[in-house]
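K.L.:
Compute the structure for the input listed below.
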Amino acid sequence: MKRVLSGVLLLILVLGILVTLGCSQEKEVKIGFVGPMTGDYANYGELMSQAVTIAVEEWNANGGIGGVPVALVIEDSEGKADKANAAIEKLASVDRIFGLVGAVFSSSSLAIAPRANQEKIVMISPSSTHADLTGLGEYIFRDVASDALQAQVFAHYVYKELGLRRIAILFTKNDYSQGLAEGFQSTFESLGGQIVAMESGQQGDKDFKTQLTTIKNENPDGLFLPNYVAEIAQMLEQAAQLGIEAQILSADGFSNPEIFDLAGDYVDGVIYSGPEIESEGGSAGTGTEAFTAKYTEKYGVGPDSFSLNSYDGANIIFAAIQKAYEAASDADKESLNLNRDLIRQTVANTQGYRGVSGEITFDAIGDVVKNQGILTVRDGAYSQLGVYRVENDNLLKVD
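P.N.:
Sure thing, here's the model as predicted:
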């Protein structure tokens with residue numbers, strides 16, 4: 001009799017555990033984020049993931065996806081391709097995400113894109129600009145301008161609007177920086193400009209004086225630094241110490257506000273390319289100012305341009321998941337067996353989406369078609385000089 005009672009008690013205990021586990025494993029629609037959350041480049045991942053978090057909170061405040069809450073799974077890549085590969089393995093096989101905002105760096109995105117595509121996970125990178133990325137699969141998108149687009153517009157601006165003719169370039173050897181450097185070089189030289197020095201260093205380097213001394217000896221009109229802020233800050237200070245008086249130029253990596261803490265007054269006067277910011281009569285999304293205020297109030301710091309892209313990317317993915325959910329049978333809704341091909345097709349069909357980062361249209365291979373902002377730093381704050389695009393090799397001012 002004692003054995004029977006013991007068996008019954010054991011069965012009740014097991015059933016209780018199963019019920020508890022079932023209750024704790026609430027059904028959720030998950031998306032992922034892959035980016036550096038620790039290390040020298042953690043500020044990029046932090047700012048971008050915070051923007052996605054706001055999108056998740058807003059969707060849940062409005063009922064989630066058909067009443068099912070949405071959730072964000074953040075994975076730390078440390079800015080390294082091997083860590084990003086480990087992240088996508090977990091997100092695909094354990095978390096079963098439907099979409100991915102990321103990865104942050106081009107090297108990481110290039111590494112994980114094949115697996116994301118294989119698993120039919122829609123991936124929208126907010127910051128990876130390498131030309132080859134979107135060619136790695138039909139599920140791979142980006143809502144940041146590619147190296148080719150950004151470099152083309154900026155090279156035209158530097159040559160035609162600034163009137164500079166002799167440019168030196170100092171880049172770091174990673175997919176993002178080198179891609180922009182080479183894209184700028186190609187366009188600038190095609191216009192008749194001259195690249196008088198093409199110097200490079202390693203990501204994580206602290207001393208660039210050797211390269212900058214070579215550059216100083218060439219006496220360039222402009223110095224192009226298409227890097228991340230950790231390296232840009234060192235380059236700006238050391239260029240000033242060496243007495244380089246060239247106009248300092250940069251790219252969208254400069255838009256991270258950490259540059260103000262890292263480089264101080266050395267940032268004043270830098271001119272760089274990046275996503276346009278909202279202005280009266282411009283084409284940027286009308287919600288930019290409201291989103292920036294909300295973000296700043298929540299986190300105590302404003303979003304960078306990549307954060308705007310991250311927020312838009314998350315919302316585009318959620319809207320596509322919503323459409324797939326609505327098209328699913330009751331049984332598939334219950335099990336969250338959603339049509340991933342429909343999610344991808346909905347994202348691919350994005351045309352004229354008015355996001356906080358500007359108007360978003362994806363072309364046939366998943367690249368965003370966007371105007372480019374030309375910005376500078378005045379009195380310790382970002383200021384937009386104008387919005388441009390290139391048509392038939394002509395630079396057109398949009399705003």
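K.L.:
Please name the residues that touch residue 101.
P.N.:
Contact analysis of residue 101 by C-beta atoms under 8 Å, 6 or more residues apart in numbering lists 31, 32, 33, 48, 52, 124, 125, 126, 310, 313, 314, 317. Backbone N, C-alpha and C define where each C-beta goes, glycine included.
K.L.:
isn't the fifth one right up against residue 308?
P.N.:
It stands for residue 52. No - shown here, residue 52 and residue 308 do not form a contact pair, counting by C-beta atoms under 8 Å, at 11.4 Å.
K.L.:
what about these two, which has more around it?
P.N.:
Residue environment comparison for residue 52 versus residue 308 gives the larger neighbour count to residue 308, 32 against 25, counting by other C-beta atoms under 10 Å.
K.L.:
Near residue 327, how many other residues are there?
P.N.:
Here the count is done by other C-beta under 10 Å, and residue 327 has 13 residues near it.
K.L.:
likewise residue 329?
P.N.:
When counting by other C-beta under 10 Å, one arrives at 9 neighbours for residue 329.
K.L.:
ok now do the residue lying closest to residue 145 once chain neighbours are set aside, which residues does it touch?
P.N.:
Here the nearest residue to residue 145 in space, its sequence neighbours aside, is residue 370; by C-beta to C-beta, 6 or more residues apart in numbering that works out to 5.5 Å. By C-beta under 8 Å, 6+ apart, the contact set of residue 370 is 143, 145, 149, 275, 276, 357, 358, 359, 360, 361.
K.L.:
7 Å instead?
P.N.:
With contacts defined as C-beta atoms under 7 Å, 6 or more residues apart in numbering, the neighbours of residue 370 are 145, 275, 358, 360.
K.L.:
in the sheet, who's paired with residue 73?
P.N.:
Beta-bridge partners of residue 73, counted by DSSP bridges, are residue 32.
K.L.:
Top of the contacts of residue 370 by number of neighbours, please.
P.N.:
The member of the contacts of residue 370 surrounded by the most neighbours (other C-beta under 10 Å) is residue 275, with 30 neighbours in all.
K.L.:
hang on, that residue packs against residue 304?
P.N.:
No - using C-beta atoms under 7 Å, residue 275 is not in contact with residue 304; the gap is 9.7 Å.
K.L.:
So what's the residue count around residue 331?
P.N.:
Using other C-beta under 10 Å, the number of residues around residue 331 comes to 8.
K.L.:
list the buried ones in whichever strand or helix holds it?
P.N.:
Here residue 331, judged by DSSP states H and E, is contained in helix 330-335. Applying a neighbour-count criterion of 16 or more other C-beta atoms under 10 Å, the buried positions in helix 330-335 are residue 333.
K.L.:
part of a strand, is residue 361?
P.N.:
Yes - counting by DSSP: H, G, I helix; E, B strand; the rest coil, residue 361 is part of a strand.
K.L.:
hang on, isn't it packed against residue 371?
P.N.:
No - under the criterion of C-beta under 7 Å, residue 361 lies out of contact with residue 371, with a separation of 11.0 Å.
K.L.:
What's the mean pLDDT across the top strand by length along the chain?
P.N.:
As assigned by DSSP state E, the longest strand anywhere in the chain is strand 381-391. Strand 381-391 shows a mean pLDDT of 92.
K.L.:
quick one: contacts of it?
P.N.:
152-153, 156-157, 276-277, 279, 282, 371-376, 395-399.
K.L.:
Out of those residues, list just those in strands.
P.N.:
With strands defined by DSSP E, the entries of the contacts of strand 381-391 inside them are 372, 373, 374, 375, 376, 395, 396, 397.
K.L.:
Looking at neighbours, which among those is most surrounded?
P.N.:
Counting neighbours by other C-beta under 10 Å, residue 373 comes out on top of the ones in strands among the contacts of strand 381-391 with 28 neighbours.
K.L.:
May I have the predicted confidence score for that one?
P.N.:
Note for residue 373: predicted pLDDT of 91.
K.L.:
That one against residue 271, yeah?
P.N.:
No - look at residue 373 against residue 271 with C-beta under 7 Å: they stay out of range, at 11.1 Å.
K.L.:
neighbours around the residue nearest to residue 42 when sequence neighbours are not counted, how many?
P.N.:
With sequence-adjacent residues excluded and distances taken as C-beta to C-beta, 6+ apart, residue 42 is closest to residue 36, at 5.3 Å. The burial metric for residue 36, expressed as a neighbour count using other C-beta under 10 Å, is 25.
K.L.:
these two touch, right, residue 36 and residue 43?
P.N.:
No - at 8.4 Å, residue 36 and residue 43 do not qualify as touching, with contact defined as C-beta under 7 Å.
K.L.:
where does the chain have low pLDDT?
P.N.:
1-25, 278-286 (pLDDT under 70).
K.L.:
That one: helices as residue ranges?
P.N.:
Along the chain, counting by DSSP state H, helices occupy 2-24, 42-61, 81-90, 106-118, 147-156, 175-190, 209-218, 229-241, 258-263, 288-299, 305-327, 330-335, 340-348.
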